[in-house]
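Engineer: Okay, structure incoming, though there's no sequence with it:
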């Protein structure tokens, strides 16, 4: 049975979306992966764009409210922003809670290149954390 992982952030528009796509891609689908937000909005087009640059398509992902996952069992609940960490709801069972604090790329303003540079930086930081996590789980 595959382990279940939920990535949680506030708006569910960037970081948790990229995290789901990266974990699915890097683990070759050995996990059941989900993402949600405390105050879901829409998937940010820049997140889709920078993921596509590394061959991962998240264009079909949608923003979801964490309330639809509350009663579901998870092996890992990973918060990817401080607000989600502070307001993370209770999940039943033996859940390993992990917190990763990433900058919110959706709040960056400036030229398109400046904004995309921050999205790429956050994407790469998430990728490194996921690589470490999967190595830890396998050992």
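Structural biologist: Noted; the coordinates are in hand. As the structure is a prediction and not an experimental result, all values here were calculated from the model.
Engineer: hey, let's count contacts and neighbours off CA atoms from now on
Structural biologist: Will do.
Engineer: And the residue most central in space within the chain, which helix or strand is it part of?
Structural biologist: The chain has residue 16 as the residue nearest its centroid, 2.1 Å off, counting by C-alpha atoms, centre = their mean. Using DSSP states H and E, the element containing residue 16 is helix 15-26.
Engineer: That helix packs against which elements?
Structural biologist: On a contact count with 3 or more C-alpha pairs under 8 Å, 6 or more residues apart in numbering; DSSP states H and E, helix 15-26 meets strand 3-9, strand 31-37, helix 45-52, helix 112-138.
Engineer: Minimum distance to residue 97: which of those has it?
Structural biologist: Ranking those by distance to residue 97, with C-alpha to C-alpha as the measure, places strand 3-9 first at 9.8 Å.
Engineer: Each with direction, which strands does the closest one pair with?
Structural biologist: strand 31-37 (parallel), strand 76-79 (parallel) (DSSP bridges).
Engineer: Now tabulate those strands in CSV and tack on distance to residue 2, mean pLDDT and mean neighbour count.
Structural biologist: As requested, the strands paired with strand 3-9 are exported to CSV (distance: least, C-alpha to C-alpha, whole Å; pLDDT from 0 to 100; neighbours: other C-alpha atoms under 10 Å):
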stretch, distance to residue 2, mean pLDDT, mean neighbour count
strand 31-37, 5, 97, 21
strand 76-79, 12, 97, 23
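Engineer: The ones you listed: which one's closest to residue 62?
Structural biologist: Between those, strand 31-37 lies closest to residue 62; by C-alpha to C-alpha that is 9.1 Å.
Engineer: need the contact list for residue 34.
Structural biologist: 4-7, 20 (C-alpha atoms under 8 Å, 6 or more residues apart in numbering).
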